[in-house]
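**Q** Below: sequence and its predicted model.
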Amino acid sequence: MQVLLLVAMELPSDASSEGSDDTDSFRAAKIAVLERMTPIALEDALLGQYDGYTDDPTIENKDTNCPTYAALRCFVNNDRWKGVPFILEAGKALDEKVVDVQIVFKNRPQFPKNKLTLEIQPQARMSMTTNVKPVDCISSGSSKAAAATAVLATNYDGEAIGEDTTYPIENAYTRLLFDVLKGNQNNFVRADELVRSWEVFTPLLHQIERENVRPLPYQVSPAKRRCSDCVEGKHGSQRIVRVFVC
């Protein structure tokens, strides 16, 4: 949810002030996103449980419906994001461990989708996948519609360059500890944000428990990680934002 809020939030009101560290303005921008989200419905959820989950001796209820995978579709109903589905996906026992954001742009049906990928873990990197006209099509003067997929990628190798030196980029927990020492609360959840986040998810959790909704079984480490394609599919050529934590 934190990644979704960072992607969807508007520019904080104090961002134009050089050196400004107005924590309230930053966290208010995240709250503004949550206020425009409605509770997630069961029909917008895809739940799974990997085969063998209940073989774990610590799982006492062998008939548990506890999901080990979830893909959820939600919406931010403001002027910028109205009608754009956000797909949240997280799971265990999948074929790779990764945290990333994929922003899939509107496309023409006959072409592949343009996509911006922001990978957070395990390697910080950014890539842009776009459709380009092939060189042979340009040289031949052909007017026939054709496109090839090109990927432009940038890796962050763990170092940042200052004015006089190069220094390592610290890991996330180190940065959080520094934030604590400096009194910077931007990356910490405020109480009203926590309450509003639970209001988005709690009705779905209660319905799953009340109706004993059974998750779909899946094999450990399946060939394809992103099972949420079936959740996304009904949106056709629309812009889509997908947030993955696997």
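**A** On my side now, so go ahead.

**Q** ok, now which ones touch the nearest residue to L5 once chain neighbours are set aside?
**A** Nearest-residue entry for L5: K30, 4.3 Å, with adjacent residues in sequence omitted and distances by C-beta to C-beta, 6 or more residues apart in numbering. (Each C-beta comes from the backbone N, C-alpha and C, glycine too.) For K30, the residues meeting the contact criterion (C-beta atoms under 8 Å, 6 or more residues apart in numbering) are L5, L6, M9, E193.

**Q** and the first one, what helix or strand is that in?
**A** In this structure, L5 sits in helix 2-8 according to DSSP states H and E.

**Q** Flag every buried residue along that helix.
**A** V3, L4, L5, L6, V7, A8 (16 or more other C-beta atoms under 10 Å).

**Q** quick one: pLDDT of the second one?
**A** You'll see L4 listed with a pLDDT of 94.

**Q** ok, it touching L88?
**A** Yes. Using C-beta atoms under 8 Å as the test, L4 is close enough to L88 to be in contact (6.5 Å).

**Q** so where do the strands sit in this structure?
**A** For the chain, the strands defined by DSSP state E occupy 45-50, 69-75, 85-91, 99-104, 115-121, 125-132, 148-155, 159-161, 166-168, 216-218, 240-245.

**Q** Just list whatever residues bridge to the closest residue to I120 other than its chain neighbours.
**A** Using C-beta to C-beta, 6+ apart and skipping residues adjacent in sequence, the residue nearest I120 is V99, 4.3 Å away. Each beta-bridge partner of V99 is listed here, defined by DSSP bridges: Q121, V245.

**Q** Can you list the low-confidence ranges for the chain?
**A** Along the chain, the model assigns pLDDT under 70 to residues 15-22, 135-146, 157-169, 221-246.

**Q** longest helix anywhere in it?
**A** helix 191-210 (DSSP state H).

**Q** Which strands or helices does that helix pack on?
**A** Based on contacts counted as 3 or more C-beta pairs under 8 Å, 6 or more residues apart in numbering; DSSP states H and E, the elements that helix 191-210 packs against are helix 23-35.

**Q** could you redo the last one with a cut-off of 10 Å?
**A** In terms of contacts (3 or more C-beta pairs under 10 Å, 6 or more residues apart in numbering; DSSP states H and E), helix 191-210 is packed against helix 2-8, helix 23-35, strand 45-50, strand 69-75.

**Q** Sort out which residues of the second one are buried, please.
**A** Of the residues in helix 23-35, those buried under the neighbour-count criterion (16+ other C-beta under 10 Å) are T23, S25, F26, R27, A28, A29, K30, I31, A32, V33, L34.
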